[in-house]
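Trainee: Provided below are the primary sequence and the corresponding predicted coordinates.
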Amino acid sequence: MRSPTYDEVKAAAERIAGVVRPLTVAPMGRQSEDEQALGSLRPSAGTGGAEIFLGLEFLQHTGSFKARGAANLMAGLIETGSMPAAGIVSATGANADIGFAWAAKIFGVRATVFLAGSTPRAKVAWLRALGAEVRLAGEAQDNARESAHDFMTSTGAIDAYSYDDNLTSAGAGTILLEFMDAVAGLDTIVLAVGAGGMFSGITAVADYFGIRVVGAEPDGSRALNAALAAGTVLDVSVDSIAADSLGAPRVSAAALAWAESTDVRSVVVDDDAIVRARRQLWDRHRLVVEHGSATGLAALATRAYQPRDGERIGVVLCGANTDPSDLVD
């Protein structure tokens, strides 16, 4: 089943308007063929090549697109009277925890986050500053998830990550609605794919307006690409520098359904290309993003996706929860 729908994304946009930060879009310029061949993404004064626009979603609250889906989830559950008194639980060990904690604070919902004992102190402190109750359980995140499950069973709290992923995906899909407001005649949207939530929401909008979607994944974490090849969702091994944000062992069934039924190109890039793209964003544009966020741009630099001449392309830079020290020589 293809979900969310375009109408659900539109409803999400109405719910979270004024709660999340509007998308900032920066024109990158045109990419000439010579620059493509060199793997460069420097703007060109030439008339050929694709015109690239960067969607700076990493400027979003909490530093990633996760805030959109989390805000729509909270608003949607409150709207329908489905939010339990025990609130929500999150135990992803990733950016989603921060997004859910932030949204819970905004909407006055109790949030309990379960993390491995080895979680960096800075993340624990940030979550607590957002008002979440943080419980450290075991040495691995799997241990924390087991504790979270026990907590939900005993209290009635809901798993924010999986309870209604349609709401979170629809929230993420609002990125493309705002991208289209900023860039007239957008032909293609390029984004990194992890578990597929943002991909599903954005593809629902893209399909409605006839925009091509390019889903980029690291070679060492290619859940969507592998699912398309197999014709079914399946587990993949994860070994990539971008695994902290794109390390999903499997893509959602909804993401696969969208990818199989509309104008989607699934491409993969290696870790070296991701590192170079991230470095280029800093060296030439002074933009700091996480490795997963640079994966879409790497697909253009390596020609994993080769644009048509004059194609207008939006690239979603979806997160910046990263240590920038490796960008400074």
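Mentor: The structure has been received and is ready for your questions.
Trainee: can I assume residue 144 is in contact with residue 112?
Mentor: No. Under the criterion of CB atoms under 8 Å, residue 144 makes no contact with residue 112, lying 11.1 Å away. In short, each C-beta sits where N, CA and C put it, glycine included.
Trainee: Which neighbours do the two have in common?
Mentor: residue 135 (CB atoms under 8 Å, 6 or more residues apart in numbering).
Trainee: Quick check: closest non-adjacent residue to residue 256.
Mentor: Leaving aside its sequence neighbours, residue 256 sits nearest to residue 227 (CB to CB, 6 or more residues apart in numbering; 4.8 Å).
Trainee: Actually, residue 115.
Mentor: Once flanking residues are discounted, residue 115 sits nearest to residue 144: 5.3 Å by CB to CB, 6+ apart.
Trainee: Also residue 4?
Mentor: Nearest one to residue 4, counting by CB to CB, 6+ apart, is residue 170 at 4.0 Å.
Trainee: about what we covered before: which SSE is the residue nearest to residue 256 in?
Mentor: helix 223-230 (DSSP states H and E).
Trainee: what's that helix in contact with?
Mentor: 193-196, 199, 215, 217, 233-234, 236, 248-251, 255-256, 259-260, 266-268.
Trainee: List buried residues within these.
Mentor: 193-196, 199, 215, 217, 233, 236, 248, 250-251, 255-256, 259, 266-268 (16 or more other CB atoms under 10 Å).
Trainee: what's the helix or strand for residue 221?
Mentor: Going by DSSP H and E, residue 221 is not in any helix or strand.
Trainee: what's the neighbour count on the nearest residue to it once chain neighbours are set aside?
Mentor: Nearest non-adjacent residue to residue 221, counting by CB to CB, 6+ apart: residue 240, 4.3 Å away. Taking other CB atoms under 10 Å as the criterion, the count of residues near residue 240 is 23.
Trainee: if I pick residue 240, what's in contact with it?
Mentor: Here residue 240 is in contact with 218, 219, 220, 221, 246, 247, 271, 274 (criterion: CB under 8 Å, 6+ apart).
Trainee: repeat that for 6 Å
Mentor: 218, 220, 221, 271 (CB atoms under 6 Å, 6 or more residues apart in numbering).
Trainee: For residue 118, see how far away it is.
Mentor: Using CB to CB, to the nearest Å, residue 240 is found at 20 Å from residue 118.
Trainee: I'd assumed residue 246 was in contact with residue 194.
Mentor: Yes. Using CB atoms under 6 Å as the test, residue 194 is close enough to residue 246 to be in contact (4.3 Å).
Trainee: I'd guess residue 117 is in a strand, am I close?
Mentor: No. Counting by DSSP: H, G, I helix; E, B strand; the rest coil, residue 117 falls outside a strand, being coil.
Trainee: That one contacts residue 137, doesn't it?
Mentor: No. If you go by CB under 6 Å, residue 117 and residue 137 don't touch, sitting 7.3 Å apart.
Trainee: So which residues of the stretch 101-250 of the chain form helices?
Mentor: Assigned by DSSP state H, counting those that start in this stretch, the stretch 101-250 of the chain shows helices spanning 121-129, 141-155, 165-182, 197-209, 223-230, 243-246.
Trainee: which ones are touching the residue nearest to residue 4?
Mentor: By CB under 6 Å, 6+ apart, the neighbours of residue 170 are 4, 8, 9, 12, 72, 201.
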